[in-house]
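Asks: Okay, predicted coordinates and the sequence, questions at the end:
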Amino acid sequence: MTTAQKWIGVLLSLVLVGVSAFNTVLLLDQKDQLETAQGQISSLQSQLSQAGTDISSLKSQLTAVDGHLATLDGQVDELLKLSTAQVDAIASVMASVVYIEVDYYDPSTGERGTVSGSGTIMDSRGYILTNRHVVENATHVTVVLPNKQIYDADDFWTDDFMDVAVVKIDADGLQAASFGDPANLKVGDAVVALGYPLSISPLDGGMTVTAGIVSNLENWFFIDETPYFDVIQTDAAINPGNSGGPMINLQGQIIGINSAGILDAQNMGFAISVATARHIYESLVADGSYSQPYLGIDIDDYYDDISGFPGAEASTGVEVLDVESGSVAALAGLRDGDVIYQFNGQAVTSFSDLLRFLWRMNAGDTVVLETERNGIERTITITLDERPLSSYYI
């Protein structure tokens, strides 16, 4: 081998080594780039995954916002309804409130005259709920509707005990009001009284509407010999002529019959609760009369000592003062001196409580009394009788 050939071999070896080294460097560089690319891809994948999580979170937040907006829409709708509730309630019942004019003759005094009051159409066939004192001793009854139509009454019926009456006119297709349920009525609830005070009929100027709240649910009183134990006291103005008209709630339902106001006081008016009046009305419409439920007992508040406070006492029930011989109470086992503290599961702390509960029942209904005699508790079940017209007992 010549010297030239040796150098050529060396040069070729060097070239091959260089190419190999270059390829190695190139491969290493490509590996680094690949690893960098893979890292970037991994980072992008992580970022995409986080973005997906963020999007899901945003969707959840948007769903929650939609729910809140729906709730707010509902609350706004309720507020709008409340803002017009009183107006809507009044509008719903105005066509049912009538003016009643009565020519009367009082046989006990020989007096004749004309008085007026109000009433509420409770049946489209012309049955009108009002007070007994509006139509008592009537010789002629005229009814004027809010649309100024005038009717002579066909007939009327009164309860002998309560201040409730029904007037009937020959009409059909009238707009009738509906009874509400006063069971959940509370002091402070909004109420509205409608009627025709001071003899201002639809022909002269029309109906008067006054608004207020429930002021008291436990007051009671007598006017002459007529008891008012189940009454709603209100600060809404009730003037002469309002008698017999409706007291309504904010649903436009009848919860009471406007019956009395105290002229020497401000903002003290009273309506008979329909809890008592409704079944009297229904009986008068069906039968022309009503029989009050009757136990046959005389009662008064029962006071007991307050434990730990010498000399202090509280009314905790009603004491039976007397039991009528042969009455349903006597036959059921009630005795003088018994203390009644529950009536059909409702606490009785005064005689007015018991009367309210009793007068919301009908003759023939069964009641359960929880009583105490000489420290021993007794449960007594009684089927209510019909009240005799002139009975001293309840």
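Replies: Received the coordinates, thanks.
Asks: Neighbours of the closest residue to I223 other than its chain neighbours, how many?
Replies: For I223, the nearest residue in space outside its immediate sequence neighbours is A260; the separation is 6.5 Å by C-beta to C-beta, 6 or more residues apart in numbering. The way it works is simple: take the backbone N, C-alpha and C, and place the C-beta from them, glycine included. For A260, the count of nearby residues is 23 (other C-beta atoms under 10 Å).
Asks: So A260: helix, strand or coil?
Replies: strand (DSSP: H, G, I helix; E, B strand; the rest coil).
Asks: which ones are touching it?
Replies: For A260, the set of contacting residues under the criterion of C-beta atoms under 8 Å, 6 or more residues apart in numbering consists of I223, Y228, I238, S243, G269, F270.
Asks: Nearest to S201, out of the residues you listed: which one, please.
Replies: Checking the contacts of A260 against S201 by C-beta to C-beta gives S243 as the nearest, at 14.4 Å.
Asks: ok, now how distant is the closest one from G345?
Replies: S243 sits at a distance of 34 Å from G345 (criterion: C-beta to C-beta, to the nearest Å).
Asks: Check which helices and strands the longest strand seen in the chain sits against.
Replies: If you go by DSSP state E, the chain has its longest strand at strand 111-123. If contacts are counted by 3 or more C-beta pairs under 8 Å, 6 or more residues apart in numbering; DSSP states H and E, strand 111-123 sits against strand 97-106, strand 127-130, helix 132-135, strand 190-195, strand 254-261.
Asks: Would you reformat the ones you listed as JSON lines and include mean pLDDT and distance to T114?
Replies: Below are these laid out as JSON lines (pLDDT from 0 to 100; distance: least, C-beta to C-beta, whole Å):
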{"stretch": "strand 97-106", "mean pLDDT": "98", "distance to T114": "5"}
{"stretch": "strand 127-130", "mean pLDDT": "98", "distance to T114": "16"}
{"stretch": "helix 132-135", "mean pLDDT": "98", "distance to T114": "12"}
{"stretch": "strand 190-195", "mean pLDDT": "98", "distance to T114": "17"}
{"stretch": "strand 254-261", "mean pLDDT": "97", "distance to T114": "20"}
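Asks: Can you lay out these as CSV showing distance to G288?
Replies: Output for the helices and strands packed on strand 111-123, formatted as CSV (distance: least, C-beta to C-beta, whole Å):
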stretch, distance to G288
strand 97-106, 19
strand 127-130, 12
helix 132-135, 14
strand 190-195, 25
strand 254-261, 19
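Asks: and R387, which of those is closest to it?
Replies: Of all the helices and strands packed on strand 111-123, it is helix 132-135 that lies closest to R387, at 15.9 Å by C-beta to C-beta.
Asks: Report the backbone C-alpha coordinates of the closest one in PDB.
Replies: Backbone C-alpha positions of helix 132-135 (Å, rounded to 0.1, in the frame of the first residue of the first chain) are rendered in PDB as follows:
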ATOM      1  CA  ARG A 132    -130.500  40.000  62.100                       C
ATOM      2  CA  HIS A 133    -130.700  43.600  63.500                       C
ATOM      3  CA  VAL A 134    -130.800  44.900  59.900                       C
ATOM      4  CA  VAL A 135    -134.100  43.100  59.100                       C
END
